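J.: I need the structure of the sequence given here:
(one chain, ligands or ions: 1)
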Amino acid sequence: MRIVLIGPPGAGKGTQARYICEAYAIPQISTGDMLRAAIAAGTELGRQAKAVIDAGELVSDEIIIGLVTDRIAAPDCANGFLLDGFPRTLAQAQDARAAGVEVDAVVVITVPDTAVVERLSGRRIHPASGRVYHVTYNPPREAEHDDVTGEPLVQREDDREATIRDRLRVYHERTEQLTGYYRELETRAGRPRMITVDGQRPIDAVRDAILDRLSAIAQAG
Ligand code: AP5
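T.: Numbering: from 1, shown residues only. You can find the predicted model right below:
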């Protein structure tokens, strides 16, 4: 199964990606995680990306498309993949399609802007694994520590309120239109199949809604 996950910042894309990837034994390809890994490693790409991410803006389409097409060519993507945070612009979607990247399902998670700030200000992450927690909605067993390794959790630098508002603006201006693009493809070509879920429900309910719909698509072939 080749899946694209779309939603505003804080919609729960990273949270749900883990369940989907486990269910279909496919890798999670998060462009945000890839860029943060480059920043942590101090590479040239990381240096370029840091200022852009901290400002809540988007890294250039050219860089991102190169990253994703290289990653999809890896052997672990042979049976499918989950794209989390890509594409984020119409150009990224069109260029990926032109490069032969086919998509079976697009999962759109909706959450109102008002819920996003509270979610992101309470988010904690385990950088090495990408595991995501929330101090209230999805707390670790021991406060501020990862459940698996016991290592300290951190807050993302772009989870400051002013940056969150910039990220939301960019989502509405540049990413939201992708749902129209994929819906038109679905009407015209029958694929990808679109799934829209209400991301305001509890994490388990969102997970079950997504997995049920994906299962129906997989069975239909
Ligand atoms: P990226 O890392 O992709 O960030 P994002 O899209 O802003 O999404 P987030 O990771 O903030 O949120 P999420 O939807 O994954 O939510 P999560 O599951 O963590 O990108 C970062 C930056 O990189 C971008 O701003 C851009 O600069 C750059 N970039 C990345 N991709 C790019 C691209 N393709 N092109 C150009 N630039 C790119 O959940 C959030 C919190 O809510 C957590 O604490 C979680 O526990 C909690 N939560 C989750 N679900 C629920 C629920 N149902 N109820 C209550 N709480 C919940």
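
J.: ok, and the closest non-adjacent residue to the residue in the chain that the ligand sits nearest to?
T.: The nearest approach of the chain to the ligand comes at Gly32, 1.9 Å away (CB to the nearest ligand atom). In short, each C-beta sits where N, CA and C put it, glycine included. Once flanking residues are discounted, Gly32 sits nearest to Gly85: 4.8 Å by CB to CB, 6 or more residues apart in numbering.

J.: residues contacting Ala49?
T.: By CB atoms under 8 Å, 6 or more residues apart in numbering, the contact set of Ala49 is 35, 38-39, 59, 63.

J.: what helix or strand is Arg124 located in?
T.: Assessed by DSSP states H and E, Arg124 sits inside strand 123-126.

J.: helices or strands next to that strand in the packing?
T.: strand 131-134 (3 or more CB pairs under 8 Å, 6 or more residues apart in numbering; DSSP states H and E).

J.: remind me which residues of this structure are low pLDDT?
T.: Scanning the chain for pLDDT under 70 picks out no residues.

J.: how about the helices of it, start to end?
T.: With DSSP state H as the definition, the chain shows helices at residue ranges 13-24, 31-41, 44-54, 61-72, 90-98, 113-121, 161-170, 178-189, 203-220.

J.: tabulate these (JSON lines), appending distance to Arg131.
T.: Below are these laid out as JSON lines (distance: least, CB to CB, whole Å):
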{"stretch": "helix 13-24", "distance to Arg131": "8"}
{"stretch": "helix 31-41", "distance to Arg131": "11"}
{"stretch": "helix 44-54", "distance to Arg131": "20"}
{"stretch": "helix 61-72", "distance to Arg131": "20"}
{"stretch": "helix 90-98", "distance to Arg131": "26"}
{"stretch": "helix 113-121", "distance to Arg131": "16"}
{"stretch": "helix 161-170", "distance to Arg131": "21"}
{"stretch": "helix 178-189", "distance to Arg131": "27"}
{"stretch": "helix 203-220", "distance to Arg131": "13"}
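
J.: deepest of those, which one?
T.: Compared across those, helix 13-24 shows the largest average neighbour count, a mean of 20 (mean count of other CB atoms under 10 Å).

J.: measure Arg97 to Asp70 for me?
T.: 17 Å (CB to CB, to the nearest Å).

J.: with Arg124 instead?
T.: 30 Å.

J.: which strand residues bridge the residue nearest the centre of the chain?
T.: The chain has Asp84 as the residue nearest its centroid, 2.8 Å off, counting by CA atoms, centre = their mean. In this entry, Asp84 is beta-bridged to Leu5, Ser30, by DSSP bridges.

J.: which ones are touching it?
T.: Per CB under 8 Å, 6+ apart, neighbours of Asp84: 5, 13-14, 17, 28-33.
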